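Novice: build the 3D model from these lines:
(3 chains)
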Amino acid sequence: MLDVSNTMDSSTTATPALHSATYLDALNPTQRLAVEAVDGPVLVLAGAGTGKTRVLTTRLVHILASGRAKPWQLLAVTFTNKAAREMRERVALTLGTSVDGWWVGTFHAAGARMLRQHAEHLGLKPSFTILDADDQQRLLKQLTEARGLDAKKLPPRLFMGIIQRWKDRGLTPDQVSTAEGADAADGQALPLYRDYQERLLQVNAVDFGDLLLHALKLFQQQPDILARYQQQFRYLLVDEYQDTNVAQYLWLRALAQGHRNLCCVGDDDQSIYSWRGAEIENILRFEHDFPGAQIVRLECNYRSTAHILAAASALIAHNKGRLGKTLWTPRDGGEPVTVQAAWDGADEARIVCEQADALRRKGQQLNTMAVLVRAGFQTREFEERLITVGIPYRIVGGARFYERQEIRDAIAYFRIVAQPDDDLAFERIVNVPKRGLGPASLRSIHILARARNLSLTQAARQLIETDELKPQPRNTIRRLLADFDRWRGQLDHLPHADLARLLLDESGYTQMWRADRSPEAPGRLENLRELVVAMAEFDSLGGFLEHVSLVMDNDEAAGEDKITLMTLHAAKGLEFDTVFLPGWEEGIFPNMRALEEGGAKSLEEERRLAYVGLTRARARAIISHAASRMVYGMWQPAMPSRFIGELPPANVAHAAAPTAARHDGGWERSGAFGPTRRWGEAARLQPKVIEGEAVQIPDIPPAAGVAAGERVFHQKFGYGRVQAVNGDRLEIEFDKAGRKTVIQSFVEPA
DNA sequence: GCGTAAGCAGTTTTT
DNA sequence: CTGCTTACGC
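Specialist: The predicted structure is shown next:
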């Protein structure tokens, strides 16, 4: 029989069933150490595939189960909504309780929560809006123009970048050094930063950087508030510590002062976000910043085969600035990492797609495969090929749901209804769909708003009472404002999803896309329908809008069997049985710009990216490179990436892929130069191929007799004369294409 | 105010 | 070769 007092008891302690600590049984000894080292500063160096997420969530559970803290006394922060969601779900599952209201989420969500509680200390109203990149840029554009700056030489996005970097470093305009202020964008960036912050306060808005920067300011200016948070959060947990920026570091340090129960989990070898402000030094310096810190290394990898792991480890060992880990695996050898060459991008795509298809025919799900590229544009060739051969694929990244134009427009309508004084929303939709309100009318509204310190909506309201505007725009604005009022009137009477539908219809927005003849229009209408459906899941319009501004991702249902295409950055934290790594060529990967701008440090980050790529693979990693690539409409020779040379030969098989032996398309577009007869000869150099599967052969033997002075033929550049031989690299003066360096195996004697 | 042509730059991306 | 922004003409 159920005893009420018992029920009460177990629900308040929440965890007596877990006192047997069964949740610890699933851990290996090191993981267990990382979980049980609860008090004081702890750095967990979690190599790829070592069960990081399990440790994180178990640790959280352990702190609660051991009675050290109540749920509200924990603060666990991650970078992405996805990681946050995963942690919440796993904790909820282990404990069998809801984690609603717990401080488990992203840095920014935690910052926003704090700011909403104390907005008034920062000159904000608790209802402040959170701007996204698009809003920021439009705002900055206005400010740039207001200062009369040349938008060509100093585009708003440049300022956005500079300001963001300052915010990443925890610097308010006053804290930027004079030298740096004078330096950045001809000295224009710092004053603009001031303008920008001032304007944000005026419109009661913050950007993402502010969520932390304002919180820092709050901590500094209101020590009592900081003290309260310090007391509340007895245990701090941080994921992906290697990706934290200075602002986040300062924020954590402030909160951890006192009890110092801070646990940071990360992997210095997977730090790939320096360009957006991440400071790898944060993790390298941890011991120094938190004296007496325990360091736990998770080095047992459960994901990849020994070959893959050995290759990745040897590669990353070329980096100097690292804490050092030795990954090992209980698994056996598996397949060596494959390195294969292709003639050009189209050829490479063809080879990879054939291999994916061959694996599929052997029973592998496409879901278990991924093509990981350095830069987004590289997915195009793969898409084209996948479409022609009919292999289903999904692209991760690209324009996310809430960043699409139609979604942002719709949300601007919702915002203007929920928050009448939202200027940025007003501007966005005032002439969408086209209502005949151009820059001239808008300028009048702006001038009045500025002069009387009004929001744009208020200013518009006053303006139509004057005769400043011509009758036509005046009536249009009048009608629009009446629409706003009507919709606001419905706010309390209609479920917000219904109101949204009504609003999109009555504003003419849906009609605008229905009339649009472009191929994307139907998709956009579909997205709008989806948006309205998604809204229904929230209690209120306000709740939905907060979700939108913080959680700008959408997870596509992973139902269908598709191969995944994405960037290496996007792949961090994921794993696949088979990973294709195309484009391992100097200039592409490592990326030339990264090298030019960032030097040795950047090269190390590129190498970490390569490491991340390799360690995504459970069973197979297939690296490829092409001999020539079309870059901006011009053929360029390509050298294999230096990273290929850094892989240990013992764990690598150089494969010749099934290439030109079969004339099954893919070559149609491939060449200004290449006469077909050459393919026969090229194919002769390749080994026999069975069923589209890569065949492992020893390194391609150097074609005999290529020496300086000889005439050679190259598929893309035609005929030329060898000028110099440098190992397997030939410098050739081509008759038509000029002087290029190419690798030996891609030329033939002419 | 809106539609079309020249001009130019062109990694990685989360919140 | 693209896609985006800007400048012009109607």
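
Novice: DNA strand B contacts on the stretch 51-200 of chain A?
Specialist: Applying Cβ under 7 Å from any atom of the strand, we find that the stretch 51-200 of chain A lies next to DNA strand B at A:Phe79, A:Thr80, A:Asn81, A:Lys82, A:Thr106, A:Phe107, A:His108, A:Ala109, A:Asp132, A:Ala133. All C-beta spots, glycine's among them, are computed from the backbone N, C-alpha and C.

Novice: what is the neighbour count of the residue of the stretch 151-300 of chain A found nearest DNA strand C?
Specialist: Of all residues in the stretch 151-300 of chain A, A:Ala151 sits closest to DNA strand C, at 4.6 Å by Cβ to the nearest atom of the strand. Using other Cβ atoms under 10 Å, A:Ala151 is surrounded by 11 other residues.

Novice: which parts of stretch A:332-352 are buried?
Specialist: Across stretch A:332-352, burial judged by 16 or more other Cβ atoms under 10 Å covers A:334-352.

Novice: next, see if that stretch gets close to DNA strand B.
Specialist: No: Stretch A:332-352 does not reach DNA strand B (Cβ under 7 Å from any atom of the strand); its nearest approach is 14.2 Å.

Novice: what about A:Ala626, which SS state?
Specialist: Put simply, A:Ala626 is strand when judged by DSSP: H, G, I helix; E, B strand; the rest coil.

Novice: that one pairs with what?
Specialist: Using DSSP bridges, the beta-bridge partners of A:Ala626 come out as A:Ala342.

Novice: what segments of the stretch 1-150 of chain A are helices?
Specialist: Assigned by DSSP state H, counting those that start in this stretch, the helices in the stretch 1-150 of chain A fall at A:4-13, A:29-36, A:52-65, A:81-95, A:107-118, A:133-146.

Novice: same thing with the stretch 201-350 of chain A?
Specialist: With DSSP H, counting those that start in this stretch, the ranges of helices along the stretch 201-350 of chain A come out as A:208-221, A:223-232, A:246-256, A:280-284, A:286-289, A:306-316, A:345-361.

Novice: and for the stretch 351-500 of chain A?
Specialist: For the stretch 351-500 of chain A, the helices defined by DSSP H, counting those that start in this stretch cover A:379-389, A:405-418, A:423-429, A:439-452, A:456-463, A:471-490, A:496-506.

Novice: with mean neighbour count, mean pLDDT and distance to DNA strand C as added columns, please give those helices in JSON lines.
Specialist: As requested, those are arranged in JSON lines below (neighbours: other Cβ atoms under 10 Å; pLDDT from 0 to 100; distance: least, Cβ to the nearest atom of the strand, whole Å):
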{"stretch": "helix A:379-389", "mean neighbour count": "19", "mean pLDDT": "90", "distance to DNA strand C": "9"}
{"stretch": "helix A:405-418", "mean neighbour count": "22", "mean pLDDT": "91", "distance to DNA strand C": "10"}
{"stretch": "helix A:423-429", "mean neighbour count": "23", "mean pLDDT": "90", "distance to DNA strand C": "14"}
{"stretch": "helix A:439-452", "mean neighbour count": "16", "mean pLDDT": "88", "distance to DNA strand C": "10"}
{"stretch": "helix A:456-463", "mean neighbour count": "21", "mean pLDDT": "94", "distance to DNA strand C": "21"}
{"stretch": "helix A:471-490", "mean neighbour count": "16", "mean pLDDT": "93", "distance to DNA strand C": "16"}
{"stretch": "helix A:496-506", "mean neighbour count": "19", "mean pLDDT": "94", "distance to DNA strand C": "24"}
